[in-house]
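Trainee: return a 3D structure for these sequence lines:
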Amino acid sequence: MNETKKLKEELLIVKLNLLNQMHENTTEQSSAIQAKEEKQLTQLIKARDTIIQQIRKADEKIKQIPLQGSENEKVIEIKQQVENRLKEIYAIDQKNIKDVKVMKDELEASMRHVNQGKKALTNGYFKQMPQLGGYFIDKKIGK
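Mentor: Just a heads-up that it's a prediction; the model follows:
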C-alpha cells in the first residue's frame, strides 16, 4: 500500500520534470518565432512531440496505479505543481499561436507578391510574340 503511493509520487515527479522540459521547449519556440527561424522552430516542434509521447506514457502508468485511500501531502503538492506548469505552457502556446498566424500571413503576402512579379515577367517582358506576317527572303544574296 505504501509502495503504490511512493510509485505514484515518483511517476508524478517524472511527469513534472517532463513538463518542465516542455515549458523550456515552448519558451524556445517563442524565441524562434520572434526571430523567424523556421528550421529551429521545426526542430523544436519535433522535440516537443517526443516529450508529449513520454508524458502520455507516464500518464498511462499513473492511471494503472490503483487508488487506495487518500493521497499524501507530497502527491497533492506535486499535482498542484503539474497543474500550474500546464497553465503556464498553455498561456505561452496561445501567444505562440497568434504569433505564428501573423508570421503565416506575412509569408502568404510575400508569396503573392513573388507570384505577381513572376506573372509580370512571363506575361509582359519575356512573352514571345507570335509571328503575324510573312518572312522576307532576299533571293539576290544566294546567287
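Trainee: so the residue nearest the centre of the chain, which of the three states?
Mentor: For the chain, Ile45 is the residue whose C-alpha lies nearest the centre (Cα atoms, centre = their mean; 4.5 Å). Here Ile45 is recorded as helix under DSSP: H, G, I helix; E, B strand; the rest coil.
Trainee: skipping its backbone neighbours, what lies nearest it in space?
Mentor: Once flanking residues are discounted, Ile45 sits nearest to Gln29: 7.1 Å by Cβ to Cβ, 6 or more residues apart in numbering. C-beta: built from backbone N, CA, C; applies to glycine.
Trainee: okay, now the one you found: neighbour count?
Mentor: 23 (other Cβ atoms under 10 Å).
Trainee: got it, and Lys36?
Mentor: Lys36, neighbours per other Cβ under 10 Å, totals 12.
Trainee: ok so, going back, isn't the residue nearest to Ile45 up against Gln43?
Mentor: No: the pair Gln29 / Gln43 is not scored as a contact, 9.9 Å apart, by Cβ atoms under 8 Å.
Trainee: name the helices or strands packed onto the strand or helix carrying Ile92?
Mentor: Assessed by DSSP states H and E, Ile92 sits inside helix 73-120. Here helix 73-120 touches helix 2-35, going by 3 or more Cβ pairs under 8 Å, 6 or more residues apart in numbering; DSSP states H and E.
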